[in-house]
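Engineer: could you work out the structure for the sequence below:
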Amino acid sequence: MTGRPPARRRPARRPSRRRKQQQEVQLVTAAVAAVVAISLLVTAVNWLLAHWCVLLVAILLAGLAGGAWLQQRTQRMEWERVQQRALRYGIAQLDALTHQQFESAIRDLMRRDGCADALRVGGRGDLGADVKATDPHGRRWVIQCKHRRNGARGTAVGTPDLQVLNGTGRPVHKGDVVVLVTNGRITQPGRDFARQQRLHLVDRQTLAQWATGSRPLWQLLPMLPPPRKPTTLS
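Structural biologist: Residues are numbered from 1 along each chain as shown. Reported below is the predicted structural model:
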């Protein structure tokens, strides 16, 4: 029985002449493009050196344009601060908001009072915090918002809501002042629980006083922790 003859290996394919030509054309094209780019750059540099006054004028114009933009930005930020200082909400306006809009309104009121870093963080997975802010005294505020579309006629905020806030306000969010804000009512057991756990409550009456007036919230709430840092407001 005779075996099959060993298979002959096929020689490796060599690049075709056409492919070689394409590669050569690509290399030549790249080289020409590089030479043209360098030539344009050298020409531009030489022209600028020969006409340095034009370059100087361009730099001055760019500086003036940048200064004008910076001035406009500063003026816009100052105007926003003025608007925030003049911010007022009537309690009926707050009742008409959605829950998300209510959270944003509380954030804006904190900014109005000098909390430049006030941030709305409410949403799915917020762990009981809807607004966070640092007041001018250095205290960290953690605020939970409970909006009731029917205002005082809506469902009262009770102990379960406050238990969630109490469980996360200080341990998770590191709050110095832990607050629940509502445009509705708070049950008496909820008030008792808040007092025991050193939680602060902003009910409908306090909210109306804060939102329609010019006093910051820390001037309306009793028994706040001491400032973390001395300020001119202390």
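
Engineer: tell me the pLDDT at residue 136?
Structural biologist: Residue 136 carries a pLDDT value of 95.

Engineer: separation between it and residue 116?
Structural biologist: Residue 136 is 9 Å from residue 116, where distance means C-beta to C-beta, to the nearest Å. C-betas here are computed from N, CA, C, even on glycine.

Engineer: what about the closest residue to residue 120 other than its chain neighbours, how many neighbours?
Structural biologist: What sits nearest to residue 120 in space, not counting adjacent residues and going by C-beta to C-beta, 6 or more residues apart in numbering, is residue 107, at 4.5 Å. Using other C-beta atoms under 10 Å, residue 107 has 22 neighbouring residues.

Engineer: returning to what we had before: residue 136 and residue 116: who's more crowded?
Structural biologist: Ranked by neighbour count (other C-beta under 10 Å), residue 136 and residue 116 place residue 136 first, with 17 against 11.

Engineer: give the buried residues for stretch 217-234.
Structural biologist: The neighbour-count check on stretch 217-234 (16 or more other C-beta atoms under 10 Å) flags 217-218, 224, 227 as buried.

Engineer: swap that for stretch 205-219, please
Structural biologist: Buried positions in stretch 205-219, judged by neighbour count with 16+ other C-beta under 10 Å: 206-208, 210-211, 216-218.

Engineer: do the same with stretch 109-126
Structural biologist: Residues of stretch 109-126 classed as buried by neighbour count (16+ other C-beta under 10 Å): 109-115, 118, 120-122, 126.

Engineer: which residues touch residue 228?
Structural biologist: Contact partners of residue 228, counting by C-beta atoms under 8 Å, 6 or more residues apart in numbering, are 137-139, 176.

Engineer: tell me which of those residues fall in strands.
Structural biologist: The strands in this structure, assigned by DSSP state E, contain none of those.

Engineer: just the buried members of the residues you listed?
Structural biologist: 137, 139, 176.

Engineer: CSV please, covering those and showing distance to residue 67.
Structural biologist: Converted to CSV, these look like this (distance: C-beta to C-beta, whole Å):
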residue, distance to residue 67
137, 36
139, 38
176, 41
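
Engineer: domain ranges for this protein, per the record?
Structural biologist: Using automatic domain parsing, the domain parsing of the chain gives 20-83, 90-219.

Engineer: and these, which is most packed in?
Structural biologist: Each of the domains of the chain was scored by mean neighbour count; the highest is domain 90-219, a mean of 18, by mean count of other C-beta atoms under 10 Å.

Engineer: surely residue 88 touches residue 209?
Structural biologist: No. Between residue 88 and residue 209 there is no contact under C-beta atoms under 8 Å: 11.7 Å.

Engineer: turn the buried residues of stretch 109-126 into a markdown table, including pLDDT, distance to residue 132 and secondary structure.
Structural biologist: Formatted as a markdown table, the buried residues of stretch 109-126 follow (pLDDT from 0 to 100; distance: C-beta to C-beta, whole Å; DSSP: H, G, I helix; E, B strand; the rest coil):
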| residue | pLDDT | distance to residue 132 | secondary structure |
| --- | --- | --- | --- |
| 109 | 96 | 14 | helix |
| 110 | 96 | 9 | helix |
| 111 | 95 | 12 | helix |
| 112 | 94 | 16 | helix |
| 113 | 93 | 14 | coil |
| 114 | 92 | 15 | coil |
| 115 | 95 | 9 | coil |
| 118 | 96 | 7 | coil |
| 120 | 95 | 9 | strand |
| 121 | 92 | 6 | coil |
| 122 | 72 | 10 | coil |
| 126 | 68 | 10 | coil |
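
Engineer: which residues does the spatially most central residue of the chain bridge with?
Structural biologist: With distances taken as C-alpha atoms, centre = their mean, the residue of the chain nearest its centroid is residue 119 (6.9 Å). Here residue 119 sits in beta bridges with residue 132, going by DSSP bridges.
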